[in-house]
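**Student:** For reference, the sequence and a predicted model appear below.
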Amino acid sequence: MSNLFQSYLFSLIFWVSLSLGCFGLMLLHHTIRGKWGLPILRFLEAGSMTLVLMGVLFLVVFAGLPYLYPWARPDEVAKDPILQHRAGYYQLWFFAARFALYFAVWILISWLLIKWTRLQEKTGDSRYAQKRTNLSAPAIIAYAVTVTFASTDWVMSLDAHWSSTMFGFLYMASQALTAMAFAIFLLTWRASQKPYSEVVNPALTRDLGNILLAFTLLWAYLSFSQYLIIWSANLPELIPYYIKRNKGGWNWLPTAMLFGQFFVPFLLLLIPSVKAKTRNLMMIAGWILVWRIVDIFWQIIPVLRPDGFSIRATDPIVFLAIGALWMGFFFWQLKQRSPLPTHDPRLQEALDHA
Amino acid sequence: MSTQERLIAGEHNYVTINEKIATIPLSQKKHPPQWAVTLLIGFMIMQLLMVAVTYLLYRGVGIWGINQPVGWGFDIINFVWWIGIGHAGTLISAILLLMRQYWRNSINRFAETMTLFAVACAGMYPLLHTGRPWVAYWLFPIGPNVLGMWPQFRSPLIWDVFAINTYITVSAIFWFVGLIPDFATMRDRARIKLVQWIYGLLAMGWRGSAQHWQRYETASLLLAGLSTPLVLSVHSIVSLDFAVSNLPGWHVTFFPPYFVAGAIFAGFAMVLLLALPIRAWYKVKDYITMTHVDWMAKIMLATGLIVFYGYLAEIFYAWYSGSKFEMDMMWNRMFGPYWPFYWSLILCNGLVPQLLWAPKMRRNIVGLFIISLIVSIGMWLERFIIIPVTLHRDFLPSSWGFYNPSLWDWMMFIGTIGFFIFGMIMFVRLLPMINIFEMKDLLHRMHGHSRNGHSKTDHAAADHPPADGKPSAGQTQPETGS
């Protein structure tokens, strides 16, 4: 039972991160209105809509709270003053209310933005663009606040005493990296098919590659800063987070991540010719996605399996099961509408020229 | 691109750009009375610095307000404040160049110069805080053969030495390389022999041939690539001066990005504080347009929100940690003896910048000037809260104390502001404050080849042959992205 919930939480956090990354990038796109966001906008929109599915799937976690979180185990709380200090915050109803609020905010904003894109496509009224920007800019604040609290509730609190002000920010960066890699993977995978072939050109792949490079750097910068600060102070409340994740064979994961998640994509994405070819970019994006899974696995599982490195059969099974549901929902959403957005004249120009 | 349409207002061609910008340093007549008044004020305030430093070298750091337990006071507050201000310049010159944001073209020279003077002000503090600046070379890893010891490489204070020296070196080279084509324009336009000779020397033989431009573009792209990590690394390392300790209030994992965002926030406030009056005094509103002002205000809003997020995250996680010392630290900031500072900080950096959500406010010159001033004060208060307010009460109540800056602290701080004003105002007098050739480049991008057939332009090209900014016809720009 406990294995099942461990695998479930790890899988859920990965797929929710992907949905939230799509949501965050969609907000960013509508705020700054960069041209690079248009070819991948449909992916981001469909990815944001999967939050509806993820909200439903999350309910399963409520059945397994004591298997996962120390604050949900009364015997542990009874002998731990820090958990008692937080007891009010981690009452079941309050935890559930927060969960409901996060998903309500995410889904409502996604729904409005997607509606306004659709209405603009139908009516051609450019006022909807301004409406989206007016909502997206403050929505980024809502996103930052909810993701900070959600990552604290769902991941940080797996460790009884650990806390880090960087954590929420790190989650936002990781989500953006995951979703960007995912969107680039899909776009480059279909780059030779119509209508994508008409908008994918070396200038676009260079821009997207550079954004992927920037998010890779941001992720590495934030992860390393957090590690360096906690390592050097070596405080008894904080350092166990890294000790638990670096002993008993778990240490191979961060070591491999240093190369897999950072050095390899970083060095490859610096090379202009790599970014000019869709095939290369697709392989790098896919590679990053694999390492995103490893990262989430490393953050969640070691604290739940303190006896040392292990992958249980449930890990891949549950991961793929949730992934299949996610993909099914995603492609169903994607099929509802035209493969490329038609509301923005800049993309229309590119299509007309082709 | 449609957005570039607003980056140069009014009717301009290559000749009017030369007329407008290059003639300012060549003639005292172009300088309004405000220039002389500001120069005088800056010069006078700078004397405070001279006196304060002289007496400091004579008596030692005991004249400052630092004590036990507050061993870091104004020296480190002002160091962090100044170094932060410099960051906007590097962001504008490097990151925006790599992102191909052409609106940076008219403000980059200005902002880079601001970086140089801000880093010069910042550098003074740790150097003087050592008490014996004449042995500052001990900070370098000269090695045991000379000094009988190594510096402590695990200390972020030593990382600071490397970070800041790299920063000032790269910034200065980038600034100078960017000036070379403009020096050539100045050389060609100067009428006095000595002035021609000086600008000619600085132009380093620039003739504006295609080869020169090609090398120039490569060099500036490389320097931009080198500077980009510096925007993040310098202030991250400054933040580690605090964060690697185990003191509540300093040991905050969010510090590196939060310091970087704060630096850019303060830096853009300072760019606006300088640019808003100068664009009016020198009538360069066509080049530093309301679009520029609006976008700078937006960057200020965005970075200000990250900083505010940091303040709120610190409060929440201080509570969440359940650590008595963390909670007491936060309580002491909010309701301890220095409470007015904390709430002023929230007002200055958290609440007031929210006014920038309103497009009207971002385009209101007086309002924006006041907000920038408030933000600059707020960012100073932030460092005051982080340094003395954290240090004055730590784990043991028996070693608690207070911090009162002395007259000498104030004199030195105000003196560096004078030095900064003096430096900037001299820069406006002696060098083209807006990048001449990049403005021509921008004009070229905006109007394509249409202006090449313009009779005035042809005439100008004959007048001042190749050094005159970008050769117009046929010259294709190497892409400035990587």
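**Tutor:** Looks like it arrived, so ask away.
**Student:** Count the residues that sit near residue B:357.
**Tutor:** 14 (other CB atoms under 10 Å in any protein chain shown). All C-beta spots, glycine's among them, are computed from the backbone N, C-alpha and C.
**Student:** How about the contacts made by it?
**Tutor:** A:137, B:301 (CB atoms under 8 Å, 6 or more residues apart in numbering or on different chains).
**Student:** Could you rerun that using 7 Å?
**Tutor:** Residue B:357 is in contact with residue B:301, counting by CB atoms under 7 Å, 6 or more residues apart in numbering or on different chains.
**Student:** what about residue B:113, which helix or strand?
**Tutor:** Element membership for residue B:113 (DSSP states H and E) is helix B:108-129.
**Student:** For burial, what's the neighbour tally of the residue of the stretch 1-150 of chain A found nearest chain B?
**Tutor:** With CB to the nearest CB, the shortest gap between the stretch 1-150 of chain A and chain B falls at residue A:82, namely 3.6 Å. For residue A:82, the count of nearby residues is 18 (other CB under 10 Å).
**Student:** which residues of the stretch 151-300 of chain A fall in helices?
**Tutor:** With DSSP state H, counting those that start in this stretch as the criterion, the stretch 151-300 of chain A has helices at A:167-189, A:196-199, A:202-233, A:240-244, A:252-257, A:264-270, A:272-276, A:278-304.
**Student:** thinking residue B:87 is in contact with residue B:235, fair?
**Tutor:** Yes - if you go by CB atoms under 7 Å, residue B:87 and residue B:235 touch, sitting 6.2 Å apart.
**Student:** List the contacts of the nearest residue to the residue of the stretch 1-150 of chain A closest to chain B once chain neighbours are set aside.
**Tutor:** Nearest residue to residue A:82, sequence neighbours excluded (CB to CB, 6 or more residues apart in numbering or on different chains): residue B:322, at 3.6 Å. Going by CB under 7 Å, 6+ apart, residue B:322 touches A:82, A:85, A:86.
**Student:** Narrow the residues you listed to those in helices?
**Tutor:** A:82, A:85 (DSSP state H).
**Student:** Export the contacts of residue B:322 to CSV and append columns for pLDDT and distance to residue A:219.
**Tutor:** Formatted as CSV, these follow (pLDDT from 0 to 100; distance: CB to CB, whole Å):
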residue, pLDDT, distance to residue A:219
A:82, 93, 29
A:85, 94, 31
A:86, 94, 28
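**Student:** Could you count how many residues lie near the residue of the stretch 251-354 of chain A found nearest chain B?
**Tutor:** Per CB to the nearest CB, residue A:272 is where the stretch 251-354 of chain A lies closest to chain B, at 6.3 Å. Neighbour count of residue A:272, defined by other CB under 10 Å: 14.
**Student:** Same check on residue B:397?
**Tutor:** 8.
**Student:** Residue A:84 versus the residue nearest to residue A:82, what's the distance?
**Tutor:** Using CB to CB, to the nearest Å, we find residue B:322 at a distance of 8 Å from residue A:84.
**Student:** got the residues of the stretch 101-250 of chain B near chain A?
**Tutor:** Counting by CB under 7 Å from any CB of the partner chain, the residues of the stretch 101-250 of chain B close to chain A are B:232, B:236, B:243, B:244, B:245, B:246.
**Student:** Which neighbouring elements make contact with the helix or strand hosting residue B:198?
**Tutor:** Using DSSP H and E, residue B:198 falls within helix B:193-203. Helix B:193-203 is packed against helix B:156-189, with contacts defined by 3 or more CB pairs under 7 Å, 6 or more residues apart in numbering or on different chains; DSSP states H and E.
**Student:** buried sites along the helix it packs on?
**Tutor:** Residues B:156, B:158-164, B:166-168, B:170-171, B:174-175, B:178-189 are the ones in helix B:156-189 that count as buried (16 or more other CB atoms under 10 Å in any protein chain shown).
**Student:** and residue A:219, what does it touch?
**Tutor:** A:173, A:174, A:177.
**Student:** and if you look at residue A:87?
**Tutor:** residue A:77.
**Student:** repeat that for 8 Å
**Tutor:** So residue A:87 contacts A:71, A:77 (CB under 8 Å, 6+ apart).
**Student:** Return the residues of the stretch 301-450 of chain B in contact with chain A.
**Tutor:** Within the stretch 301-450 of chain B, the residues that sit near chain A (CB under 8 Å from any CB of the partner chain) are B:305, B:309, B:310, B:313, B:314, B:317, B:320, B:321, B:322, B:323, B:357.
**Student:** following the strand or helix carrying the first one, which helix or strand comes up?
**Tutor:** Assigned by DSSP H and E, residue B:305 belongs to helix B:290-321. Sequence-wise, the next helix or strand downstream of helix B:290-321 (DSSP H and E) is helix B:324-335.
**Student:** centre of the chain versus that next one, how much separation?
**Tutor:** 33 Å (CA atoms, centre = their mean, to the nearest Å).
**Student:** Residue B:356 against residue B:299, yeah?
**Tutor:** No - with contacts counted by CB atoms under 8 Å, residue B:356 stays clear of residue B:299, the gap being 9.9 Å.
**Student:** more crowded one of the two?
**Tutor:** Set residue B:356 next to residue B:299 and count neighbours by other CB under 10 Å: residue B:356 wins out with 22 against 19.
**Student:** residues in contact with the more buried one?
**Tutor:** B:297, B:298, B:300, B:301, B:304, B:362, B:371.
**Student:** now swap in residue B:348 and tell me
**Tutor:** By CB under 8 Å, 6+ apart, the neighbours of residue B:348 are B:374, B:375, B:377, B:378, B:381.
**Student:** Can you tell me the SS state at residue A:308?
**Tutor:** coil (DSSP: H, G, I helix; E, B strand; the rest coil).
**Student:** Report the contact partners of it.
**Tutor:** Counting by CB under 8 Å, 6+ apart, residue A:308 has contacts A:247, A:248, A:249, A:250.
**Student:** just residue B:200 next, same as before
**Tutor:** Residue B:200 touches B:183, B:187, counting by CB under 8 Å, 6+ apart.
**Student:** make it 6 Å
**Tutor:** residue B:187 (CB atoms under 6 Å, 6 or more residues apart in numbering or on different chains).
**Student:** Would you quantify the distance from residue A:190 to residue A:197?
**Tutor:** Residue A:190 is 8 Å from residue A:197, by CB to CB.
**Student:** Please disregard the earlier target; I meant residue B:167.
**Tutor:** Taking CB to CB, one finds residue B:167 at 45 Å from residue A:197.
**Student:** about what we covered before: common neighbours of residue B:87 and residue B:235, please.
**Tutor:** With CB under 6 Å, 6+ apart as the test, residue B:87 and residue B:235 both reach residue B:263.
**Student:** Tell me which of these two has more neighbours.
**Tutor:** Under the neighbour definition other CB under 10 Å, residue B:87 and residue B:235 were set side by side, and residue B:87 has more, 31 against 27.
**Student:** Give me the local confidence score for that one.
**Tutor:** Here the pLDDT value assigned to residue B:87 is 87.
**Student:** Name the spans of the chain whose pLDDT lies under the cut-off.
**Tutor:** Assuming you mean chain A. A:350, A:352-354 (pLDDT under 70).
**Student:** not what I meant, chain B
**Tutor:** Checking chain B against pLDDT under 70 turns up B:1-6, B:448-482.
**Student:** Now the buried members of the residues of the stretch 101-250 of chain B next to chain A.
**Tutor:** Among these, the ones that count as buried (16+ other CB under 10 Å) are B:232, B:236, B:243, B:244, B:245.
**Student:** Name the SS class of the last one, please.
**Tutor:** It refers to residue B:245. Residue B:245 is classified as coil under three-state DSSP.
**Student:** ok, now how distant is it from residue B:71?
**Tutor:** Where residue B:71 is concerned, residue B:245 sits at a distance of 12 Å (CB to CB).
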